[in-house]
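Engineer: quick one, structure for this:
(one chain, ligands or ions: 2)
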Amino acid sequence: MRDAAPKTIYLKDYQPFGYDVESVELVFDLVPNATRVRASIRFVPKPEGDRNFFLHGEDLKLISASIDGTSVSPTISAEGLTCDVPDKPFLWEAEVEIDPQGNTALEGLYMSNGMYCTQCEAEGFRKITYYPDRPDVLSIFTVTINGPHPVLLSNGNPTASAHHSATWHDPWPKPAYLFALVAGDLVAHSDSFVTRAGRHVDLNLWVRKGDLHKCAFGMQALKDSMRWDEKVYGREYDLDVFNIVAVDDFNMGAMENKGLNIFNSSAVLASPETATDANFERIEAIIAHEYFHNWTGNRITCRDWFQLCLKEGLTVFRDSQFTSDMRSAPVKRIGDVIDLRARQFAEDQGPLAHPVRPESFQEINNFYTATVYEKGAEVIAMLKRLVGDDAYAQALDLYFERHDGQACTIEDWLKVFEDTTGRDLTQFKRWYSQAGTPRLKVEDSFENGTYTLTFTQSLAPSKATPEPAPQVIPIAVGLLGVDGREVRATQVLEMTEATQSFRFDGLDGRPVPSILRGFSAPVILERAVPEGENAFLLAHDTDPFNRWDAGRTLARQSLIAMIREGAKSDPAYLDGIHAVLADDTLDPAYRALMLSLPSQGDLATALYDMGETPDPDAIWRARQNMQKALAAHLADLLTHVFGRHQVHEDYAPDAEQAGKRALTGAVLALKTRRDLGAAAQVQFNNASNMTQKIGALACLVRAGRGREALASFEAQWRDDRLVMDKWFALQVIEANPDQAAGTAERLTRHTDFNWKNPNRFRAVLGALVMNHAGFHAADGSGYRLLADWLIRLDPVNPQTTARMCSAFQTWRRYDTRRQALIAEALDRILATPDLSRDTTEMLTRIRNA
Ligand code: TRP
Ligand code: ZN
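Structural biologist: Ligands and ions are numbered 1, 2, ... in the order given. Take a look at the predicted model:
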């Protein structure tokens with residue numbers, strides 16, 4: 001049971017642990033509800049260390065404890081234990097009993113479908129044994145697992161194995177959050193890799209027998225990641241084996257445990273028949289992400305959890321570079337910015353706003369956020385843009401050389417850039433300490449061949465940042481002539497003042513500016529764009545990101561007029577998209593992105609931003625009307641584009657084929673508005689890959705003609721959990737707003753709704769939140785259903801419950817009636833007895849907005 005009054009932890013209170021941990025030996029005797037863990041830990045007092053000996057421990061039954069062989073009786077609390085210890089090096093031995101079978105929180109050692117697995121980040125190791133469970137305590141682990149399972153895995157290299165027993169030794173000092181153990185009846189898809197230095201590495205992807213045909217792609221992604229990190233960052237792998245395990249019950253995507261990555265099966269298993277192109281791309285990125293953590297996270301780790309962005313921001317940045325190299329860089333960039341604006345900007349504008357490096361928390365699990373991850377990656381992208389590619393490479397070399405084996409801070413990270421470049425990064429550091437999204441106002445003038453851009457930056461004061469100061473903003477700008485040709489190539493302006501002007505001399509005429517190219521900083525651009533300029537940029541911008549963004553702006557403005565006053569869709573937008581779709585020189589994937597509309601959530605944000613109260617039903621209707629208008633306006637192209645971009649070769653999940661399927665998929669959605677599902681039905685019947693199958697199914701459901709297709713899909717895939725997750729989610733996401741909550745509720749009564757499985761829970765309840773107008777149904781049915789299920793899930797799995805509470809973070813945007821209904825839902829959850837610390841923190845922050 002947890003504290004009644006949760007404690008707040010502050011960055012400023014950081015104190016090092018008073019002891020070094022020389023070595024850790026663990027022996028596990030695996031029994032589902034009574035696993036024994038014996039720990040032998042060598043502690044060495046630090047010369048000037050704090051002598052307060054405290055070991056974390058939660059939900060542990062202490063069987064015995066001794067120091068240097070003499071039995072001791074520690075003082076035990078709900079959080080851990082204290083004990084009198086000698087003032088010299090000593091051996092701590094303890095045996096505890098734990099209950100993996102009863103562990104539904106999926107943190108610590110737990111069971112998933114008969115297999116044992118662990119999740120220790122951030123603070124799960126304390127549920128396995130008593131230990132200084134903090135990232136700045138590094139040690140060398142030797143682990144013996146005794147159990148009847150054919151496969152027994154832990155970190156590092158295998159050193160011994162016998163019947164029903166295996167021993168692993170990890171030579172690299174690591175914090176406890178990187179510990180992992182797996183035991184089960186698993187089979188491996190195996191391969192090998194030879195590092196640049198000639199080290200031979202065995203690679204294994206461990207899965208349940210029936211999943212062996214879904215491993216090839218993940219394995220290839222792993223090998224590509226290993227090669228890429230050698231080539232681009234000069235980083236090699238450092239053990240003889242690299243194991244990945246797929247687990248069905250997992251709270252997040254995956255975890256970078258040293259030498260033994262554990263993956264949510266949805267983040268690694270894929271075959272053409274069962275996974276979409278988007279799934280393949282995501283899997284490739286997550287495999288890369290976890291692999292890249294071996295250097296950015298494991299070899300160099302975090303001093304404390306406030307420094308989480310040190311490993312996560314950097315590793316997200318690295319995996320985005322990888323994807324850009326493997327696939328299309330502009331398409332990756334546009335996708336990332338769509339995601340950043342939807343999730344991170346929303347976080348920044350609401351009650352959950354926090355800096356990239358937070359300064360306090362109650363439950364660290366609640367800070368694995370879009371701000372820490374995605375904005376954290378943007379900050380690194382800006383740093384690279386400011387210092388240049390060469391200096392970035394040098395700084396990273398210095399980072400790895402100087403800090404290998406250490407637990408570091410953002411100060412350490414910035415110092416390597418300062419030492420490499422001689423720059424003072426004091427002001428840049430505000431990107432780590434100030435919460436909120438800066439707004440960048442732009443004004444321009446033209447006189448005697450000189451074009452002047454004047455920028456004014458502002459950051460709204462918030463609870464997290466009451467007195468914001470100007471930040472360093474890299475603004476990539478190019479200038480176009482009236483004929484659409486570039487008259488000034490992209491250049492990065494470095495803004496440091498609150499207001500600052502930049503001049504471009506020697507121009508023949510007034511140029512059209514293309515500002516914030518490639519989304520060079522995570523800011524909101526505010527500019528009164530002259531009539532026709534966005535249409536011009538949509539037609540001519542040489543920067544693919546800004547060209548796309550011009551189209552997006554036109555779409556948004558037109559949709560907002562439609563929402564507000566029932567206007568007709570903007571012909572300039574429709575014509576611009578027509579030209580883009582007709583242009584066969586453009587990458588199909590890029591054209592597919594151009595066809596997508598801002599989401600309902602984006603439109604709600606935009607309206608709120610302009611001081612208005614978003615009406616979810618009006619937003620939904622306007623998008624429907626816009627899609628109809630697009631379908632009509634593009635009618636002459638649809639059949640041609642659809643036919644021309646069909647893939648006739650064998651399925652491959654590469655960028656080229658995926659791009660064609662993305663385009664034909666977007667076109668099919670528009671065609672369905674005209675033929676009421678005829679083409680979709682044909683594609684559904686004939687599709688041999690999941691991308692086209694599920695794409696067609698979505699069209700049919702949207703057109704109200706999905707009943708039979710849904711039934712046949714279910715009959716075909718009932719035994720495949722990952723595919724069935726799609727089946728559940730699709731019905732809720734594609735439901736008409738007035739039926740979304742009802743559909744979700746009906747699905748929660750389906751026999752296969754295993755709500756304790758996070759993927760399945762999210763497939764229904766997470767999908768409800770994605771159906772914006774459905775979740776915000778005026779009668780409150782969406783709020784009530786989500787609240788009911790969060791109340792039910794919280795005692796079982798606090799971490800997933802708390803994450804899903806963010807569905808309510810935007811509640812102050814809506815009308816008073818909806819706010820009252822949401823308040824009722826929030827209060828009902830908050831009034832639940834014994835609500836977890838995770839959920840309490842999230843809901844308290846949200847409720848007090
Ligand atoms: N470190 C993991 C990653 O980003 C994230 C993660 C996986 C995680 N499982 C977790 C974070 C559980 C908190 C709790 O790669
Ligand atoms: Zn990560």
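Engineer: can you give the distance of stretch 567-580 from its chain's centre?
Structural biologist: 33 Å (CA atoms, centre = their mean, to the nearest Å).
Engineer: can you check stretch 389-399 too?
Structural biologist: With CA atoms, centre = their mean, you get 26 Å for stretch 389-399.
Engineer: which residues are contacting it?
Structural biologist: Contacts to stretch 389-399, defined as CB atoms under 8 Å, 6 or more residues apart in numbering, come from residues 233-234, 300, 383-384, 387, 412-413, 416-417, 419-421. C-beta: built from backbone N, CA, C; applies to glycine.
Engineer: and that stretch, average pLDDT?
Structural biologist: Averaged over stretch 389-399, pLDDT sits at 99.
Engineer: check stretch 430-443 too.
Structural biologist: Averaged over stretch 430-443, pLDDT sits at 98.
Engineer: again with stretch 205-222
Structural biologist: Here the average pLDDT along stretch 205-222 is 98.
Engineer: which outside residues touch it?
Structural biologist: Stretch 205-222 has contacts (CB under 8 Å, 6+ apart) with 113, 151, 153, 182, 184-191, 193, 203, 242-246, 265, 268-271, 274-275, 280, 283-284, 287-288, 291, 653.
Engineer: would you show me how to pick out the buried ones of those residues in PyMOL?
Structural biologist: In PyMOL, this line selects whichever of those come out buried by 16 or more other CB atoms under 10 Å:
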select buried, resi 151+153+182+184+186+187+188+189+191+193+203+242+243+244+245+246+265+268+269+270+271+274+275+280+283+284+287+288+291+653
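Engineer: sort out for me which of the contacts of stretch 205-222 are in strands.
Structural biologist: Among the contacts of stretch 205-222, DSSP state E puts 151, 153, 182, 184, 187-191, 193, 203, 242-246 in strands.
Engineer: pull the most distant pair out of the residues you listed.
Structural biologist: Gly184 and Phe193 (24.3 Å; CB to CB).
Engineer: what does the stretch 351-500 of the chain put close to ligand 1?
Structural biologist: Proximity of the stretch 351-500 of the chain to ligand 1 (CB under 6 Å from any ligand atom) is limited to residues 365, 368.
Engineer: for the stretch 351-500 of the chain, which residue gets nearest to ligand 2?
Structural biologist: In the stretch 351-500 of the chain, the residue that lies nearest ligand 2 is Tyr373 (7.2 Å; CB to the ion).
Engineer: for that residue, grab phi and psi.
Structural biologist: Main-chain dihedrals, Tyr373, degrees, to the nearest 10: phi -80, psi -60.
Engineer: and it, how many neighbours does it have?
Structural biologist: As a burial measure, Tyr373 scores 22 neighbours (other CB atoms under 10 Å).
Engineer: where's it relative to Lys332, distance?
Structural biologist: 16 Å (CB to CB, to the nearest Å).
Engineer: before we move on, what about Gly405?
Structural biologist: Gly405 is 33 Å from Lys332, by CB to CB.
Engineer: and Val201, what does it touch?
Structural biologist: 192-195, 226, 237, 239-242.
Engineer: let's see that with 10 Å instead.
Structural biologist: 191-195, 223, 226, 236-242, 259 (CB atoms under 10 Å, 6 or more residues apart in numbering).
Engineer: so which bits of stretch 826-844 are buried?
Structural biologist: Across stretch 826-844, burial judged by 16+ other CB under 10 Å covers 826, 829, 832, 835-843.
Engineer: please list the members of the residues you listed that lie in strands.
Structural biologist: Among the buried residues of stretch 826-844, no member falls in strands (DSSP E).
Engineer: just the ones of those residues in helices?
Structural biologist: The helices, defined by DSSP state H, take in 826, 829, 837-843 from the buried residues of stretch 826-844.
Engineer: contacts only, for the residue nearest to Phe292 when sequence neighbours are not counted.
Structural biologist: Leaving aside its sequence neighbours, Phe292 sits nearest to Arg318 (CB to CB, 6 or more residues apart in numbering; 4.6 Å). By CB under 10 Å, 6+ apart, Arg318 lies in contact with 225, 228-229, 232-233, 235, 288-289, 291-293, 295-296, 377, 380, 396.
Engineer: what helix or strand is Arg318 on?
Structural biologist: Assigned by DSSP states H and E, Arg318 belongs to helix 308-326.
Engineer: could you dump that helix to CSV, C-alpha only?
Structural biologist: Extracted C-alpha coordinates of helix 308-326, given in CSV (Å, rounded to 0.1, in the frame of the first residue of the first chain):
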residue,chain,number,x,y,z
LEU,A,308,15.6,11.4,-18.4
CYS,A,309,15.8,13.5,-21.6
LEU,A,310,19.6,13.0,-21.6
LYS,A,311,19.0,9.4,-22.8
GLU,A,312,15.5,9.7,-24.3
GLY,A,313,15.7,12.9,-26.2
LEU,A,314,19.1,11.9,-27.7
THR,A,315,18.0,8.4,-28.5
VAL,A,316,14.8,9.6,-30.2
PHE,A,317,16.9,12.1,-32.2
ARG,A,318,19.2,9.2,-33.2
ASP,A,319,16.4,6.9,-34.2
SER,A,320,14.8,9.7,-36.3
GLN,A,321,18.1,10.2,-38.1
PHE,A,322,18.2,6.5,-38.8
THR,A,323,14.7,6.4,-40.2
SER,A,324,15.5,9.5,-42.3
ASP,A,325,18.4,7.6,-43.8
MET,A,326,16.5,4.3,-44.3
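Engineer: now the angle from the helix or strand that that helix is followed by to helix 308-326?
Structural biologist: Next helix or strand after helix 308-326 toward the C-terminus (DSSP H and E): helix 329-339. If you take axes from the mean of the first three to the mean of the last three CA atoms, to 10 degrees, helix 329-339 sits at 140 degrees to helix 308-326.
Engineer: list the contacts for the residue of the stretch 401-550 of the chain found nearest ligand 1?
Structural biologist: With CB to the nearest ligand atom as the measure, Ala407 is the residue of the stretch 401-550 of the chain nearest to ligand 1, at 15.2 Å. Going by CB under 10 Å, 6+ apart, Ala407 touches 16, 134-138, 173, 175, 300-304, 307, 310.
Engineer: and it, how close does it get to Ala735?
Structural biologist: Going from Ala407 to Ala735 by CB to CB gives 48 Å.
Engineer: Arg282 now?
Structural biologist: Using CB to CB, we find Arg282 at a distance of 24 Å from Ala735.
Engineer: more neighbours: which of those two?
Structural biologist: Ala735 (21 against 18).
Engineer: can you classify that one by secondary structure?
Structural biologist: Assigned with DSSP: H, G, I helix; E, B strand; the rest coil, Ala735 falls in the coil class.
Engineer: wait, it sits on Gly774?
Structural biologist: Yes - assessed by CB atoms under 10 Å, Ala735 is found in contact with Gly774 at 6.0 Å.
Engineer: ok and the residue in the protein nearest ligand 1?
Structural biologist: For the chain, CB to the nearest ligand atom, closest residue to ligand 1: Met252, 3.6 Å.
Engineer: what sits against that residue?
Structural biologist: Per CB under 10 Å, 6+ apart, neighbours of Met252: 106, 119, 121, 262-264, 267, 286, 365, 368, 758, 799-800, 803.
Engineer: interface residues of the chain facing ligand 1?
Structural biologist: Counting by CB under 6 Å from any ligand atom, the chain sits next to ligand 1 at 119, 121-122, 251-252, 254-256, 289-290, 312, 365, 368.
Engineer: would TSV of those with distance to Asp636 be doable?
Structural biologist: TSV is the format used below for the residues of the chain next to ligand 1 (distance: CB to CB, whole Å):
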residue	distance to Asp636
Gln119	54
Glu121	54
Ala122	55
Asn251	49
Met252	46
Ala254	45
Met255	50
Glu256	50
His289	43
Glu290	47
Glu312	47
Asn365	53
Tyr368	48
